[in-house]
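Student: Need a 3D model of the following:
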Amino acid sequence: MSDRPTLLDELRTEYEAARQVSPAHADVEGFQQIDARMRKAFRWLEKAIAYLDGLKPAINHRFDLGHGMVFEAPRFQRGFVGQHERRIVGFPVLDEINIYYVVSAAKPLAIDIRSGSVGEAESALSDAGLQYTKHSTEDSTGAVCKCLISVPPEIPASISFHVDYQTGVVKATLANVDRLERVTLEFHSNAIDEPILEDLVRLILGRDSAFLRRAPLAGVRGTPA
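Tutor: You can find the predicted model right below:
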């Protein structure tokens, strides 16, 4: 008889090695459990954002674009919460929660920028999703020597939770929440509970940054404040 392993033995060896390197998500919750967590989180966030919408509290973050452009006295102005569903084996499950809100500042920004720095300033504004107008000033030769950039006193901010039901990973992407930047964190689905949502609201208001320390940093994009 040949000592050569059978195909089934080879497959079993590869399978066991793969499980040791990358566990087959044995700790992943069932889709109904994850769905229940997401729906509970949605209802909680909907109430919290409604309260913030009515209170319009101050936000203790420094929204700094550089080039001397800093929004003064930011406040929560208005917001809403949305959701997205998909189906798993015929059952509707909530796979995304989206929070959109606007931070209002005490006054618009207006700053004179030398022509050589205009491109950098416009890139920072675009990365942050900010609206702006530009008025150029020319010298006696007709060359642009500086620009006046005006920015309305509103900052669009958003938070999205997107759950992967296969891996149980929930990605939270924050844009312009505590800085003019986009940050993505990754959580296990069982971490999506009321304490973490409370930390999120505290982060929105600038009262605490514990939310950012609760999960690994998955990605950063944008212009650091």
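
Student: Pass me the low-pLDDT residue ranges in the protein, would you?
Tutor: Within the chain, the ranges that satisfy pLDDT under 70 run 1-3, 15-26, 138-144, 217-225.

Student: In it, which residue is most central in space?
Tutor: Residue closest to the average C-alpha location in the chain (CA atoms, centre = their mean): Leu174, at 1.5 Å.

Student: how close does that one get to Arg78?
Tutor: For Leu174, the distance to Arg78 (CB to CB, to the nearest Å) stands at 18 Å. (C-beta placed from N, C-alpha, C; glycine too.)

Student: same question, Thr6
Tutor: Where Arg78 is concerned, Thr6 sits at a distance of 66 Å (CB to CB).

Student: More neighbours: which of the two?
Tutor: Remark: of Thr6 and Arg78, Arg78 carries more neighbours, 15 against 9, as counted by other CB atoms under 10 Å.

Student: Assign that one to helix, strand or coil.
Tutor: Per DSSP: H, G, I helix; E, B strand; the rest coil, the local secondary structure of Arg78 is strand.

Student: Just grab the bridge partners of it for me.
Tutor: Going by DSSP bridges, Arg78 is paired in beta bridges with Val102.

Student: what sits against it?
Tutor: The contact partners of Arg78, by CB atoms under 8 Å, 6 or more residues apart in numbering, come to Asp53, Tyr101, Val102.

Student: let's see it at 10 Å
Tutor: Ile49, Leu52, Asp53, Gly54, Lys56, Tyr100, Tyr101, Val102, Val103, Ser104, Glu154 (CB atoms under 10 Å, 6 or more residues apart in numbering).
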